[in-house]
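predicted structure and sequence below. I'll ask about it afterward.
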Amino acid sequence: MAFARIARTGLRRTGGTFGSYSCEGDVLLCEGRSPLPSLQNAKADRDFSYISSIRKFNRMSMQSRGIRVTPQYQSATAERIVEESESEYDEPMYPGLEATKPAEPVNRIQSALATSPNSYFYMASCFGIDTDKHEVYCETVTNGGLPHDPYQFKVAYDKLVIAAGAEPLTFGIKGVKEHAFFLREVNHAQEIRKKLLLNLMLSENPGISEEEKKRLLHCVVIGGGPTGVEFSGELSDFIMRDVQDQYTHVKDYVKVTLIEASEILSSFDVGLRQYATNHLTKSGVSLMRGVVKEVHPKKIVLSDETNVPYGLLVWSTGVGPSQFVKSIDLPKAPGGRIGIDEWLRVSSVEDVFALGDCAGFLESSGRPVLPALAQVAERQGKFLVKLLNKIGNKDGGKAFSAKDIPLGDPFVYKHLGSMASVGRYKALVDLRQSKDAKGVSLAGFVSWLIWRSAYLTRVVSWRNRFYVAVNWATTPVFGRDNSRIG
């Protein structure tokens with residue numbers, strides 16, 4: 001069961017600026033996930049007639065939850081949806097959390113969720129949007145901590161921002177979702193770490209054949225983009241520096257293979273691609289060209305019928321629209337993303353915006369679909385803050401009230417460059433604005449320092465910046481933590 005985060009900024013009603021949380025109207029920030037098993041009937045044709053029983057309750061009865069979800073043009077009540085269901089829900093599987101995880105609580109990233117009386121964070125799964133009624137339909141995601149678990153509720157909005165992200169792209173290949181690990185979220189990295197350490201320990205058990213040891217300790221990475229290359233480089237680093245010292249009996253069996261259909265790092269400069277190829281090969285990473293046909297529990301079958309046995313399979317072939325984005329009845333851009341115009345507005349509906357990996361420019365706008373990068377989403381977010389400020393200052397914060405407000409200059413994205421680590425204190429920095437443009441390209445130790453510095457600036461809190469810097473400084477001296485939790 002996947003998480004969905006629904007954060008409502010709950011702005012004050014006195015007019016003013018969005019940055020200080022006093023814009024007129026209510027803004028709902030919605031990050032959806034795939035619909036839950038009993039809610040499949042909510043997806044088709046935006047038909048929510050299946051909701052047969054609605055119980056109204058006073059919002060103060062929710063005590064600390066403080067649900068307050070009604071836009072200004074409706075009465076001040078929140079509504080909880082009651083649905084009788086015989087479905088059983090699997091309990092979510094949470095990986096063992098480590099004290100060293102540099103994650104941030106949502107109310108630290110957005111401080112208004114902790115301090116503003118009209119701002120809330122709901123841990124729930126969004127399974128439907130009705131743009132005519134200005135309502136979002138949700139279901140709680142808990143682990144048995146509520147008296148009615150799970151239960152459904154709806155949130156009314158004046159302005160809706162969809163930032164649902166994306167999901168790993170599997171191209172419909174059989175066995176990928178069942179047997180591969182992805183690299184999208186923190187828990188993915190934790191599960192990969194646990195699996196690798198488990199395989200190392202199992203391989204030392206008596207009675208394990210040579211062939212089985214080679215399979216267990218064969219780490220295969222699918223996808224030669226920046227994520228796949230960085231992971232391969234770091235994994236090779238881990239093997240060379242830590243595994244060989246602590247798992248001496250099986251160190252010669254450990255192998256890393258990177259499989260890519262064409263060129264690795266295809267968006268980088270040709271010289272940087274060649275540098276990365278040479279460096280990874282020197283570091284012990286085997287590069288293989290091929291297209292995956294099927295994935296089995298212990299082997300991969302390529303399109304040329306080559307069998308590649310593996311103990312750990314990491315899938316990093318890019319991202320595509322999530323099941324949530326596919327299910328909602330909104331215009332779609334090329335690639336299945338939510339279609340937006342130059343001001344990040346969702347076409348043909350009022351008061352709905354979308355940004356990040358889930359959104360793309362419509363073909364009618366004449367603009368290309370932007371890459372699924374953090375710098376794109378960050379800049380879209382800053383643009384949207386200014387836009388909502390402008391709308392609020394012109395009395396357009398209420399629902400259906402911003403149609404005739406001039407929005408000013410549209411969003412323009414300027415690429416700042418790309419960076420990728422290749423392991424062993426080496427990295428690539430490509431500052432060209434596009435693949436065919438001219439610009440600065442660097443590779444080596446200096447690039448690695450630039451890459452690390454840029455990464456450190458993206459850590460949200462000074463506490464975690466300090467932790468990450470200390471961790472980087474101590475790892476070359478003491479090595480990585482190889483303890484397996486869970």
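The structure has been received and is ready for your questions. Residues are numbered from 1 along each chain as shown.

tell me the pLDDT at the nearest residue to Pro297 once chain neighbours are set aside?
Among residues not flanking Pro297 along the chain, His179 sits closest, at 5.7 Å (Cβ to Cβ, 6 or more residues apart in numbering). From N, CA and C alone the C-beta is placed, and that goes for glycine too. Looking at His179, its pLDDT reads 97.

and His179, what is it in contact with?
Val295, His296, Pro297, Leu313 (Cβ atoms under 8 Å, 6 or more residues apart in numbering).

cutoff 7 Å now
Val295, Pro297, Leu313 (Cβ atoms under 7 Å, 6 or more residues apart in numbering).

next one: Trp343
Leu387, Leu407, Pro410, Phe411.

give me the low-pLDDT residue ranges for the chain?
1-102, 143-148, 485-486 (pLDDT under 70).

quick one, longest strand in it?
Using DSSP state E, we find that the single longest strand of the chain is strand 120-130.

next structured bit after that strand?
Sequence-wise, the next helix or strand downstream of strand 120-130 (DSSP states H and E) is strand 135-140.

for that following strand, which strands pair with it and how are they oriented?
Each strand paired with strand 135-140, and its direction, by DSSP bridges: strand 120-130 (antiparallel), strand 152-156 (antiparallel).

gap between the closest residue to Ala114 other than its chain neighbours and Met240?
With sequence-adjacent residues excluded and distances taken as Cβ to Cβ, 6+ apart, Ala114 is closest to Asn107, at 3.8 Å. Computed as Cβ to Cβ, to the nearest Å, the Asn107 to Met240 distance reads 40 Å.

kindly export the helix or strand Thr474 falls within (C-alpha atoms) in CSV.
Using DSSP H and E, Thr474 maps to helix 462-478. The C-alpha trace of helix 462-478 is given here as CSV (Å, rounded to 0.1, in the frame of the first residue of the first chain):
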residue,chain,number,x,y,z
TRP,A,462,21.3,22.5,8.7
ARG,A,463,21.1,19.5,11.1
ASN,A,464,21.1,17.1,8.2
ARG,A,465,23.7,19.0,6.3
PHE,A,466,26.0,18.7,9.2
TYR,A,467,25.2,15.0,9.5
VAL,A,468,25.8,14.3,5.8
ALA,A,469,29.1,16.2,5.8
VAL,A,470,30.3,14.3,8.9
ASN,A,471,29.3,11.0,7.4
TRP,A,472,31.2,11.9,4.2
ALA,A,473,34.3,12.8,6.2
THR,A,474,34.3,9.7,8.4
THR,A,475,33.5,7.1,5.7
PRO,A,476,37.0,7.1,4.1
VAL,A,477,38.5,6.6,7.6
PHE,A,478,36.2,4.1,9.2
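
pull out the buried residues from it.
Asn464, Tyr467, Val468 (16 or more other Cβ atoms under 10 Å).

which neighbouring elements make contact with that helix?
helix 445-458 (3 or more Cβ pairs under 7 Å, 6 or more residues apart in numbering; DSSP states H and E).

and the angle for the helix it packs on with helix 462-478?
In terms of direction (axes from the mean of the first three to the mean of the last three Cα atoms, to 10 degrees), helix 445-458 departs from helix 462-478 by 150 degrees.

not counting its neighbours along the chain, what's nearest Val308?
Excluding its sequence neighbours, the residue lying closest to Val308 (Cβ to Cβ, 6+ apart) is Ile300, at 4.4 Å.

wait, a strand at that neighbour?
Yes - the assignment for Ile300 is a strand, going by DSSP: H, G, I helix; E, B strand; the rest coil.
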